[in-house]
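Student: Here's my sequence, what's the structure:
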Amino acid sequence: MKTKHKCAWCVGDDLYEAYHDEEWGVPVYDDDTFFEFLVFETFQAGLSWITILRKRENFKKAFDDFDYKKIANYKQSKIDSLLQDPGIVRNKLKVNGTVTNAKLFMDIQKEFGSFSNYIWKFVDGKPITNKVVNYKEAPATTAISDAISKDLKKRGFKFVGSTVMYAFMQATGLVNDHEVACFRHKEV
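Tutor: Just a heads-up that it's a prediction; the model follows:
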């Protein structure tokens, strides 16, 4: 049986390949999913993506299924318990940043009707399809990720630098950076 060509970054790890094949680059329109990816990308800052992916279920459990309404109301006792949880990345600034981001996420929903409405306006409502031949050639930032980062920071969001926001754009399908030879390039 012939195997399908995949982006080189995921090959060789079953978890990575499943994430690549099923989720990465698929356009997201659901606010719950957007918030989940926002949490993952902000925690990933300075770490490898596979580290976060391997802890995904632990994060989901620890952060109440990424229910931003609950997270926005976390008391210090809950934050303290998260900082003791070996199943997640125990970074005090990132845990506190997640609580802050949950509150601000809801502010954006109030202003734009949904976070989806807000974020998709940066790409005029449709995914940008790049022609990446080798994943190592994909940009780390773009003018659009710079603009998203600047706007979110102005609103008070934490851990939303341009590189983090470009990774967020890739993960949530605002940009298609699948290698052109990858079977997912045309599918997403």
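Student: can you pull the buried residues of the helix ranked longest in the chain?
Tutor: Across the chain, the helix with the greatest residue count (assigned by DSSP state H) is helix 92-112. Buried residues in helix 92-112, defined by neighbour count with 16 or more other CB atoms under 10 Å: 94-99, 101-102, 104-106, 108-109. For the C-beta atoms, the positions are set from N, CA and C on the backbone; glycine is no exception.
Student: Next: stretch 168-181.
Tutor: Within stretch 168-181, the residues that count as buried by 16+ other CB under 10 Å are 168-179.
Student: Looking at the buried residues of helix 92-112, which one is closest to residue 128?
Tutor: Nearest to residue 128 out of these is residue 108 (CB to CB; 21.0 Å).
Student: Helix, strand or coil: sort out the most centrally placed residue in the chain for me.
Tutor: Central residue of the chain (CA atoms, centre = their mean): residue 37, 3.1 Å from the mean position. What DSSP: H, G, I helix; E, B strand; the rest coil gives for residue 37 is helix.
Student: Surely it and residue 171 touch.
Tutor: Yes - taking CB atoms under 8 Å as the definition, residue 37 is a contact partner of residue 171 at 5.1 Å.
Student: For the residue nearest to residue 183 when sequence neighbours are not counted, the count of nearby residues, please.
Tutor: Using CB to CB, 6 or more residues apart in numbering and skipping the chain neighbours, the partner closest in space to residue 183 is residue 4 (4.0 Å). Applying other CB atoms under 10 Å, we find 10 other residues in the vicinity of residue 4.
Student: Over to the one 3 residues further on?
Tutor: Applying other CB under 10 Å, we find 24 other residues in the vicinity of residue 7.
Student: try residue 152
Tutor: Look at residue 152: counted by other CB under 10 Å, it has 24 neighbours.
Student: ok, now how distant is it from residue 88?
Tutor: 22 Å (CB to CB, to the nearest Å).
Student: now swap in residue 11 and tell me
Tutor: 27 Å.
Student: Brilliant, that's me finished.
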